[in-house]
Every structure is written in C-alpha cells, then in structure tokens.
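Visitor: need a structure here:
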Amino acid sequence: MDKLEKVQAFAKEMHDECGYDYHILSVVKNSIYLAKIVNANLEVVQVAAYLHDLGVSRKIAGEGFSRAENDHHILGAEEARKFLLTLDYSEEFIEKVCNCILTHRGRKGTPPITIEQKVIANADAMAHFDTFLDLFEFFVGKTSNSFEEGVNEIYDKMKRDWELKLTLVEAREKIKPKYEAVMLILESMKEFMQK
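Guide: Okay, here's the model as predicted:
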C-alpha cells in the first residue's frame with residue numbers, strides 16, 4: 001500500500017460512512033479537478049483533501065464536539081501532522097498539507113494564500129453544493145431549534161460559501177448551476193415559511 005492509499009484508508013477509518021462518502025470524497029474529487037486546471041501540487045492537494053476534516057471526526061474530536069463552533073481546522077492540522085509523520089513524509093510536505101487544512105474554512109482562521117490552500121478551500125465549498133441535502137441532517141436535526149432556523153442556517157452557509165469561499169473562477173464556473181438550483185430551493189422554502 002503506497003502513502004496515498006494509507007492516507008485514504010486512514011480518512012475512511014476516521015469518518016462515519018456518510019461524512020466520508022458524501023463530503024470527503026467530494027472534496028477529493030473537486031480538489032483533483034481544480035489542481036489539474038490551476039497547476040497545484042496534486043499530491044499535497046489530495047492528501048489535504050482526505051485529511052481536511054479530521055477535526056470533526058468523532059474518533060478524534062469526541063462525541064460532544066460542535067462542528068459549527070469548534071476550531072476543527074486547528075485540531076485537524078495537529079492530527080494530520082501526527083499521522084503524516086508516521087508515513088515518513090518530509091517536513092516541508094507536511095507543512096503544506098497542514099496549512100491547507102488550517103485555511104480550508106474560509107471564515108475562521110487564516111485565509112488561504114497558496115494555490116494549494118485555495119484549491120482545498122474551494123473544493124470544500126464545492127462539496128457543500130454537490131451534496132447539500134446532507135446539511136439538512138446537521139442543521140435541522142442537530143444544531144437548530146427548529147426546521148425554519150435550520151433552513152435559514154443552510155441558506156446563510158450556501159450564500160457565504162458562494163460569496164466568500166469560492167474564490168477560484170474555475171470553481172465558481174463549475175458550481176454555478178448547482179448554486180442557482182440550491183438557492184432556488186432554499187429561497188422557495190424561506191418564502192413558504194414566511195406565510
């Protein structure tokens with residue numbers, strides 16, 4: 001098993017099936033797509049994509065963590081560093097991956113600067129549009145006091161991702177039809193709830 005396969009296996013082990021299949025793999029797919037277009041370091045991007053949400057893994061963060069309010073980018077970078085050291089990656093490589101993880105959130109932490117960091121932040125936002133229905137379980141089922149509040153939180157998140165996190169033209173072009181469709185559904189729901 002090569003290093004990337006070990007990273008993939010570790011990510012799969014750390015996340016529940018839904019988180020891995022419907023978020024991590026979408027971020028990986030989108031990051032590979034973007035990396036090829038913008039000439040980012042593909043290995044850094046792939047490893048960072050698999051590990052970017054380690055800090056929300058219940059196996060690492062514990063059962064009581066709050067994804068919405070925690071600093072999972074910091075915890076995730078720390079855990080990624082520990083794991084990557086076991087695979088004998090260079091310190092320079094590990095630093096690049098950890099910096100991608102630290103900057104992937106958009107509104108928390110340092111904004112992405114390098115092209116690899118921008119790829120991961122954009123791919124993370126793109127994944128939210130790819131599988132946006134999984135946000136209902138989180139926002140409506142776990143963090144909100146009501147269905148209406150959950151819908152409003154999802155709407156705000158999608159708008160924020162579009163306006164602040166999707167900074168690469170290539171990412172915006174690819175995701176625009178999904179953004180428009182998702183916002184149409186959410187705006188329709190918000191309009192209905194106001195009646």
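
Visitor: Helices of the chain, residue ranges please.
Guide: 3-14, 17-19, 25-38, 42-51, 58-61, 72-86, 91-102, 115-130, 134-138, 147-160, 169-193 (DSSP state H).

Visitor: which parts of the longest one are buried?
Guide: What it means is helix 169-193. For helix 169-193, the neighbour count (16 or more other CB atoms under 10 Å) marks 171, 174-175, 179, 182, 185-186, 189 as buried. All C-beta atoms are positioned from the backbone trio N, CA, C, and that covers glycine.

Visitor: again, but for the fourth one
Guide: Within helix 42-51, the residues that qualify as buried by neighbour count (16+ other CB under 10 Å) are 43-51.

Visitor: And the first one, by the same measure?
Guide: For helix 3-14, burial by neighbour count (16+ other CB under 10 Å) applies to 7-8, 10-11, 14.

Visitor: How about the contacts made by the closest residue to Lys3 other than its chain neighbours?
Guide: Closest residue to Lys3 apart from its sequence neighbours, by CB to CB, 6 or more residues apart in numbering: Leu87 at 5.0 Å. Contacts for Leu87 (CB atoms under 8 Å, 6 or more residues apart in numbering) come out as 3, 6-7.

Visitor: picking that back up, which among the buried residues of helix 42-51 gets closest to Asp124?
Guide: The nearest member of the buried residues of helix 42-51 to Asp124, counting by CB to CB, is Ala49 at 8.4 Å.

Visitor: so the closest one makes contact with Ile24?
Guide: Yes. With contacts counted by CB atoms under 8 Å, Ala49 reaches Ile24, the gap being 7.4 Å.

Visitor: For the closest residue to Gly76 other than its chain neighbours, give its distance to Leu102.
Guide: Of all residues not flanking Gly76 in the chain, Gly55 sits nearest, at 3.3 Å (CB to CB, 6+ apart). Distance of Gly55 to Leu102, given as CB to CB, to the nearest Å: 10 Å.
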